[in-house]
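K.L.:
need a structure here:
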Amino acid sequence: MSNLLEIIAAHQDYIYIVVLMIFLGIEVIGRVPSVLHTPLMSGANAIHGVVIIGAIIVMGKAEPDNYVALVLGFLAVILGTLNVVGGFVVTDRMLEMFKNKKAK
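P.N.:
From the prediction side, this is the model:
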């Protein structure tokens with residue numbers, strides 16, 4: 001327990017920054033109008049595409065016996081891909097809401 005408190009005390013500045021970033025993110029996301037949601041999702045998908053490319057580059061440059069880099073790179077590729085696909089699915093569903101419904 002004492003070791004944990006020492007670690008927290010040593011990284012107290014970083015913990016404050018992360019907590020403030022969480023609250024700031026919640027405030028910013030909560031105030032985004034629904035009209036802007038789709039363009040923001042497209043931008044987020046583009047950013048995660050860059051993350052996937054970076055993870056592939058890290059995996060390609062890693063030594064064959066560096067399992068930590070390979071596993072983290074693999075996880076980054078999988079999670080980034082899931083995030084991109086999920087973002088496109090959400091964006092597609094939101095765009096469907098704005099289409100006119102056909103009369104039966």
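
K.L.:
can you show me the CA trace of stretch 73-81 as CSV?
P.N.:
Written as CSV, here are the backbone C-alpha positions of stretch 73-81 (Å, rounded to 0.1, in the frame of the first residue of the first chain):
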residue,chain,number,x,y,z
GLY,A,73,1.0,-3.4,-32.1
PHE,A,74,-1.4,-6.3,-32.8
LEU,A,75,-3.9,-5.0,-30.2
ALA,A,76,-3.6,-1.5,-31.6
VAL,A,77,-4.4,-2.8,-35.1
ILE,A,78,-7.4,-4.8,-33.9
LEU,A,79,-8.9,-2.2,-31.6
GLY,A,80,-8.3,0.6,-34.1
THR,A,81,-10.0,-1.4,-36.8
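
K.L.:
pull out the buried positions in it.
P.N.:
Buried residues in stretch 73-81, counted by 16 or more other Cβ atoms under 10 Å: Gly73, Ala76, Val77, Gly80. C-betas here are computed from N, CA, C, even on glycine.

K.L.:
ok, now which ones touch the second one?
P.N.:
So that's Ala76. Contacts for Ala76 (Cβ atoms under 8 Å, 6 or more residues apart in numbering) come out as Val51, Ile52, Gly54, Ala55, Val58.

K.L.:
export those residues to a markdown table and tack on secondary structure?
P.N.:
Below are the contacts of Ala76 laid out as a markdown table (DSSP: H, G, I helix; E, B strand; the rest coil):
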| residue | secondary structure |
| --- | --- |
| Val51 | helix |
| Ile52 | helix |
| Gly54 | helix |
| Ala55 | helix |
| Val58 | helix |
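
K.L.:
pull out the buried members of these.
P.N.:
Using 16+ other Cβ under 10 Å, the buried members of the contacts of Ala76 are Val51, Ile52, Ala55, Val58.

K.L.:
closest one of these to Glu96?
P.N.:
Ile52 (25.8 Å; Cβ to Cβ).

K.L.:
and the gap between the closest residue to the closest one other than its chain neighbours and Ala69?
P.N.:
Spatial nearest neighbour of Ile52, excluding adjacent residues (Cβ to Cβ, 6 or more residues apart in numbering): Gly80 at 4.2 Å. As for Gly80, its distance to Ala69 is 16 Å (criterion: Cβ to Cβ, to the nearest Å).
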